[in-house]
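Q: what's the 3D shape of this:
(chains A and B)
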Number of protein chains: 2
Amino acid sequence: MPEPIRRLCKVRFEPSGLKTEVPRSSTLLDAARLAGVYLSSLCGGDGYCGKCRLVVDEGEVESAPTTLLSPQELRSGVVLACQGLVLSDVVVTVPLSHRLDTGRILLDSDAHRFSELPAKDMGEGGFPYEPLVQKHYLEMAAPSEQDQLADHERLYMAIRQHVHAPIMQTGYRILQSLPGILQQSAYKVTAVVAERGGVREVVEVEPGDTSRRNYAVAVDVGTTTVVAHLVDLASGATLGSEATYNSQMHFGEDYIRRIIYAEQHHAFDEMQRRIVGDVNELIQALAERQGIELGWITAVVCSGNTAMIHFLLNLDPVRIRRSPYVPTAAWVPPIRAAEAGIRVNKRALLYTLPAVGAYVGSDIVAGVLATRLYEMPTLRLLIDIGTNGEVILGSREWMVCASSSAGPAFEGSGVRHGMRAAPGAIERLSITPQGEIRYKTVGGEPPRGLCGSGLLDALASLLEAGYIDRSGRFVARGDPRLADGPDGPQFTLVGSSDGRGPIVITQADVSNLIRSKAGVYAAIDALLAATNTQVGQLDAIYVAGGFGNYLDVRQAITIGMLPDVPVERIHFVGNSSIAGAKMALMSRAALGKAEEIAGRMTYFDLMTHPGYMDAFIRANFLPHTDLSLFPSVRTQAAGSAAAGEGRT
Amino acid sequence: MPEPIRRLCKVRFEPSGLKTEVPRSSTLLDAARLAGVYLSSLCGGDGYCGKCRLVVDEGEVESAPTTLLSPQELRSGVVLACQGLVLSDVVVTVPLSHRLDTGRILLDSDAHRFSELPAKDMGEGGFPYEPLVQKHYLEMAAPSEQDQLADHERLYMAIRQHVHAPIMQTGYRILQSLPGILQQSAYKVTAVVAERGGVREVVEVEPGDTSRRNYAVAVDVGTTTVVAHLVDLASGATLGSEATYNSQMHFGEDYIRRIIYAEQHHAFDEMQRRIVGDVNELIQALAERQGIELGWITAVVCSGNTAMIHFLLNLDPVRIRRSPYVPTAAWVPPIRAAEAGIRVNKRALLYTLPAVGAYVGSDIVAGVLATRLYEMPTLRLLIDIGTNGEVILGSREWMVCASSSAGPAFEGSGVRHGMRAAPGAIERLSITPQGEIRYKTVGGEPPRGLCGSGLLDALASLLEAGYIDRSGRFVARGDPRLADGPDGPQFTLVGSSDGRGPIVITQADVSNLIRSKAGVYAAIDALLAATNTQVGQLDAIYVAGGFGNYLDVRQAITIGMLPDVPVERIHFVGNSSIAGAKMALMSRAALGKAEEIAGRMTYFDLMTHPGYMDAFIRANFLPHTDLSLFPSVRTQAAGSAAAGEGRT
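A: Predicted coordinates:
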C-alpha cells in the first residue's frame, strides 16, 4: 500500500535548529516566518530579488526555474525560499549572509552620542525640563471635619501646587481606586501626571513616594533598524540604549513592499505584532540590564517614518503608497501604550512625534527639532540617511523637505557583509598608499562585517585607490583580492581567520551603495535648484543616520553623497530622530515645538519633479558626472587615478 | 430512612409568582432580593422597622420573637421577612402595601413641568444652546495629490469650522476606523463631538449625515425615585419622561442605611447594578416609546445626591456616612457611559453635575442652576424636599446650604398609602366645611394612594378640620372614618370600591410627615439664624421636589413646612434637579456655571449646629410650637379649631 500523501511537512532550519510544520506545498519563506527564522528578502516574496537563498540539505523541495541562481548554486541545492515548495519533511541551511546580527539585541554604540543629554542642557537649549510624564510626590493633609474637600479635588489641588494644569483629566479606574490608596498611604502619594494634547491626565496614583522611579523610553522606529533609549525622568539621564533590526523585514526591505504584502495577505495585525514585538524586546532588554521594572516606565515616545508609525499603531497605511498619498494621521494623539500592545506600565502613554505627511515622517521632524534647524538665521541642510534619504533645507524663515528612496545599503542591509554598528562592525576603513587595508571595528572586536560608515569609507577608499572607476565598476589591477565570487567580481577586504569567512564587497554592493548616495545627492540637488539656493549659501550641513559612531565627511564628499562644501561645515549628528524624540520626552515645550515644525515644513515631491530623475542619473557616478560640482574631489581623484594607473 | 435535610429551598412569592432557590436558613428578605421582589424596608434588614411584613402561606419559616407584630398578625402567618428563616420550600404572599407602583415604569407627569424648555429659551435664559455632545455633519473635500492633508487633520479642520475647539482628542479606535469610514462615505461624515472637561473629544465618526439623530438622557438619581428625560439634541425638545423607584430600596430607604448594608455585605457592585439597572430600564422605555435606537443616544447627564452618584459610578461612598464625611469626588469627570454599564451608544459619555460635598449633592447644584438663585440680587431660598430636605439660602453675593434628613415621606415612601405622582395618585385633597373629602387624582384615574402634594394637603386639611391636633395626634370626634387599624388609629380618606381597599392615613403616617416637615423647617430656621436673615428679607422661596404636578403652598405654610411669607413669594418649581441637569446637557456654559456654583456654596453642617435639634423639636408641631412665627396660620387654626370644637 503506498504511503498516503503527507498533509503537514516538518521543516528544520540549520544551524539554528528552529523547526516548524507547514501544509505540503507551502513555501520555505512562509515556513521561515512561522519558525521565526529571519531571511533577507528585498522583494517581499515575489521571486525577483534573489535574496532569500537557502540550501536544501534533506527532503524534497520543488522550485520553478529561475535565472537568479547560478548552475553551481543549483547543483549545491540552493533554492530561493519564496519559490521553493515544501513537498516532504525537509532540513535546510540558512547561509550566513542572512544571519548577521538578526535576532540579537546589541548595544547600539552610536546611540550613545545622545546618551548624555542631561536635564540642565535641555534648559540651556531653550526648552524647560518638563517631561511628558511626571511623578509628583504629594503630602496632603488628610481630610477632617474641618476640611471636607473630596479626595479627587484634594488630589487636583495638590497637583496644581506642582504644575500649571488648567485642564486635568482622571481615568474612571483611577478615581475608583483613589480613596483606598489615599487612606492606605495617609494621603502621601505619588501622582503620575501625563501631558495629553494640552491636558494633564492623572494616569496613576501610587502610595508613598515613588517619584524617583520614573522612567521612559524613546524609540526610533526605523524601516530597517529600531533603536530605543531608556531615560531616567527623575534626572534626565539616558541609562542605556538598544537596537535591533525591524523584524518586519521578513515582508520586504522597504515599507512600500511591506504595505503591499500586508494588503495582499491581510497582514496588518501581523505587521503590528512584529514591530511591537521588536519594541517590547528592546524595552525588556533595557529594563533588565538596568534592573528596572516595566511598571516604572510611564511613557514611550516614538519617532519614525509615517508608514512605520502607522504599522506600529495599526493605522491604515495603504494610501501612503497609493494616490493621493495621504496618511491616516500625521499627528497621532497620545494613546495608552498597552492599547498598542507595548508592555510597560499598563497606564503609560505612547506618544508619537508629528509628521509632515506620508513621505516625511516624525523622524525628520525630530531631526529638525534636535538640530534646531528651525531657528537658524542662515540656510542649513539636514540629511537623514536611512532606508530612505530625507533632505530638509531651510532656516527660521522657511523649510522645505523631500524624500528619496535611498535604500537600506548604508544601514548594512542589501549589502553582502553589511551590518549594523554592532560590535565587530568595521566602522572606519582606509587603504594605505601601499594598498594595505586598515580598519577599526566597533568595540575592537574581530571584524564581522561593515556598518554604514565602514561601507562609505570602503567605497571612497576603493575609488581613491583606483580599484573601482567613477562608474563603480571594479578595475582589474592584478590584485588577488579582486576576484570572481558567486555574484560576479568581489573585493576581499578582510581575509578568512578564526574560522570566519572573508569580508568582501561585491560589484552588486558597490552599485547599491552608489544608488543610495545618488538618491540622496539628487534630492539635495533638486531642493537647492527649486529654491534657487547655491551650495555656497549653506552655512551648515547636518548628516544624520545610523552610520555608526563616526562618519568621515571628507569621504562622503569623495563619493558624492554630500555637496562639496568646506568639511568644517558638515556635522555628523548621528541618530537625530531619537535625539528629537528624547527632547520631546523631556520637555512638553519641545513636543509643542515639534508640532509647530511639522506645520511649517513644506513637502516637495521629487517624483513629480521633472529634474529629479535626471539629477539622480547624473549622480550615479563617483562623485558625479559633472566633476565641476566637486572641485575638491576632482583634484584628489585626478591624483588617485594617476597613482592607480601607475600601478596597473 | 429520614429524608435528608434539604440544602436548597424553593421560595415562591405571591401574587407575582416570582420564584427563587436559597440555601436553607436564608432570610425571606434575601430570598426576595434574589427573586427580584420588592419589599419595603426602612432599616435595611436589622429587624426593627417592621416594614418587611410577609404572609407565610405554605412551608416552614422560623422567626425570632418580635414585638413589631400583633398577636393577630402572628396568628395570620405574618412574619418579618428579614427575621424569617426559610427551613423548607415555602410560598409567601407579599401584602399590597409593598407593591404600590414598584417594578412598574410610569410616566412621571410632574417631569413634564420641564418638558418644554426649547432651545431658544436656553439662549434667553443666558446660556447659549451648545449641547455637551453635538453631531456635526461635515462635507469634506476628499484628499488629492494637490491636497494631501491626513485624514485625522482633515477631520479636525472640518470640525473646527463648526466649533471653537482649541484642544481636541480622538480615541485610538476612532482613529483606526477613520480612513475606512471617510472613504466609504466619500468624506461626508457626521462627527460626534463631546465636551470633556474643557476638551472636545471626537467620540464617534459616522458615515453620511446622522446629525438629526442625536439624543441624550438627563437623569435625576434620587434616593427614592429615579427620573429620566429624553432630549432631542437636534432641537432641544424633551420628548418624554419616565420615573421609577430606586430599586436599591431593597437595602434600606435612606442612603446611609444602604452604605452600611453595602459595607457589611460587600455589596457595592450590587448597589451599582441596581441603580444602573433602573437607569437602563428608564432609558429603554423612553427609547422604545419614541422609536429611538439606543445607539443614537450620545450623552447621559446625571444629577443626584452625592451618595447616589457614588453608587451609580461605584465610587467608594463609605466616608459619606462616617467622619470626616468626604466624598471620593464632588466633581466627577465625564466617563464613557458603557464603563458604568449604561446601555446607550457604546462611546457615549456619562456626565455628572458637580456636588458641593458629601451632603449637598449635584441635584442641589442643579436646582440652584435651574432657579438662577446664584445670580439673584436679593436673598432667596431654595428648598428641595426629597428623601433628604436640602435648603439653600443666598443670592449672587453668597450662598449657604444645609441638609436635613427629611425622610421619604413626601415621596410617598414610609407612608401606608403613599405613592409616587403616578396615575391614580391623589395629588390634591381638601375637606369641606361639611367634612366631606374632595380629591383629584393624577390622570383622573381611580384613586390608588397619595403622592406628596396629596399627603401635604391631607395633613393640612385634617389639622384645619380638627381631626388631628397641633401635635399630630388624632382627635376622636365620633367620625366613623377615624377608627383603629392594625397600627393604631387611622383615618379613612377614601372608602373601598371597585375591589380596592380603602385609602387611609395612619397615626404613624402623620408622625412621619410631621418629622419630615419639621426637619425641613428646622434647617431653614438654622440657616436664617446663622446668617442673621429675617423671614421678611426673603424675596422668594422656591420649593422643589417630587410632590406631583401641584403643591398648595398655602397648605405647606399651614403645616409649618415653609415659613409664613406671603404666598405669592413661594414658587413650586417641581423637579429642579432634572431641570438643571437638562440645562447642563444643552449648554456647556451651563455645565461650567454649575461648577462655579458648586465652588461658591458654603456648606453648613446642621448636625454640629447646637441650635438645630432644638429647632427641630420646636418644629414638631403643626405648624410650630411658637405660633407667633405663623401669624397667618394662627388666625386660620383658631378658626378651624373653633369650628371643629363646634362640631364635636
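Q: ok, and what's touching stretch A:258-269?
A: Contacts with stretch A:258-269, where a contact means C-beta atoms under 8 Å, 6 or more residues apart in numbering or on different chains, come from A:44-45, A:248, A:251-252, A:270-271, A:307, A:311, A:314, A:316-318, A:320-321. Every residue, glycine included, has its C-beta placed from N, CA and C.
Q: ok now do the residue nearest to A:Ser26 when sequence neighbours are not counted, which residues does it touch?
A: Using C-beta to C-beta, 6 or more residues apart in numbering or on different chains and skipping the chain neighbours, the partner closest in space to A:Ser26 is A:Val86 (5.4 Å). When contacts are counted by C-beta under 8 Å, 6+ apart, A:Val86 touches A:9, A:11, A:22, A:24-28, A:31, A:59, A:61.
Q: for the stretch 501-648 of chain A, which segments are assigned as helices?
A: Per DSSP state H, counting those that start in this stretch, the stretch 501-648 of chain A carries helices over the ranges A:507-530, A:553-558, A:576-586, A:588-600, A:610-618, A:631-647.
Q: tell me which of those helices sits most buried.
A: helix A:576-586 (a mean of 30; mean count of other C-beta atoms under 10 Å in any protein chain shown).
Q: give me the mean pLDDT for that helix.
A: Averaging pLDDT along helix A:576-586 gives 93.
Q: where does the stretch 51-200 of chain A dip in pLDDT?
A: Within the stretch 51-200 of chain A, the segments meeting pLDDT under 70 span A:96-125.
Q: from chain B, how far out is A:Gly389?
A: Using C-beta to the nearest C-beta, to the nearest Å, we find A:Gly389 at a distance of 20 Å from chain B.
Q: check which helix or strand the nearest residue to that residue once chain neighbours are set aside maps to.
A: Among residues not flanking A:Gly389 along the chain, A:Ala406 sits closest, at 3.4 Å (C-beta to C-beta, 6+ apart). For A:Ala406, there is no host helix or strand (DSSP states H and E).
Q: for the residue nearest to A:Ser26, list each beta-bridge partner.
A: Beta-bridge partners of A:Val86, counted by DSSP bridges, are A:Val61.
Q: distance of it relative to chain B?
A: A:Val86 is 36 Å from chain B, where distance means C-beta to the nearest C-beta.
Q: run a quick neighbour tally on A:Gln72.
A: Per other C-beta atoms under 10 Å in any protein chain shown, the neighbour tally for A:Gln72 reads 9.
Q: contacting residues for it?
A: Residues in contact with A:Gln72, defined by C-beta under 8 Å, 6+ apart, are A:Pro486.
Q: could you do A:Ile364 as well?
A: A:305, A:355-356, A:382, A:384, A:390, A:392, A:401, A:577, A:601.
Q: nearest residue to whichever residue of the stretch 301-450 of chain A sits closest to chain B other than its sequence neighbours?
A: The minimum distance from the stretch 301-450 of chain A to chain B, using C-beta to the nearest C-beta, falls at A:Ala329 (3.5 Å). Sequence neighbours aside, B:His152 is the residue nearest to A:Ala329 in space, at 3.5 Å (criterion: C-beta to C-beta, 6+ apart).
Q: contacting residues for the one you found?
A: Counted by C-beta under 8 Å, 6+ apart, B:His152 has contacts A:328-332, B:170, B:175, B:178.
Q: in a helix, it, correct?
A: Yes. The assignment for B:His152 by DSSP: H, G, I helix; E, B strand; the rest coil puts it in a helix.
Q: mind checking which of the contacts of A:Ile364 are in helices?
A: Among the contacts of A:Ile364, the members falling in helices (DSSP state H) are A:Ser577.
Q: just curious, which of the contacts of A:Ile364 is nearest to B:Val91?
A: A:Ala355 (72.0 Å; C-beta to C-beta).
Q: test my guess that that closest one contacts A:Ser362.
A: Yes. Shown here, A:Ala355 and A:Ser362 form a contact pair, counting by C-beta atoms under 8 Å, at 4.5 Å.
Q: overlap of the contact sets of those two?
A: Residues touching both A:Ala355 and A:Ser362 by C-beta under 8 Å, 6+ apart: A:305-306, A:309, A:598.
Q: PyMOL command for the buried members of the residues you listed?
A: Here is the PyMOL command that selects the buried residues among the shared contacts of A:Ala355 and A:Ser362 (16 or more other C-beta atoms under 10 Å in any protein chain shown):
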select buried, chain A and resi 305+306+309+598
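Q: can you add distance to chain B and pLDDT and give the shared contacts of A:Ala355 and A:Ser362 back as a markdown table?
A: Supplementary listing: the shared contacts of A:Ala355 and A:Ser362 in a markdown table, determined by distance: C-beta to the nearest C-beta, whole Å; pLDDT from 0 to 100:
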| residue | distance to chain B | pLDDT |
| --- | --- | --- |
| A:Asn305 | 14 | 95 |
| A:Thr306 | 9 | 96 |
| A:Ile309 | 11 | 97 |
| A:Ala598 | 10 | 96 |
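Q: same question for stretch A:507-522, mean pLDDT?
A: 94.
Q: that older thread, how about the helices of the stretch 501-648 of chain A in TSV, adding distance to B:Ala465?
A: Output for those, formatted as TSV (distance: least, C-beta to C-beta, whole Å):
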stretch	distance to B:Ala465
helix A:507-530	98
helix A:553-558	107
helix A:576-586	80
helix A:588-600	74
helix A:610-618	102
helix A:631-647	117
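Q: among those helices, which is nearest A:Tyr439?
A: Closest of the helices of the stretch 501-648 of chain A to A:Tyr439 is helix A:553-558, at 13.4 Å (criterion: C-beta to C-beta).
Q: need the residues that contact that closest one.
A: Here helix A:553-558 makes contact (C-beta under 8 Å, 6+ apart) with A:456-457, A:459-461, A:463-464, A:543, A:562-565, A:567, A:570, A:572, A:622-623, A:630, A:632-633, A:636-637.
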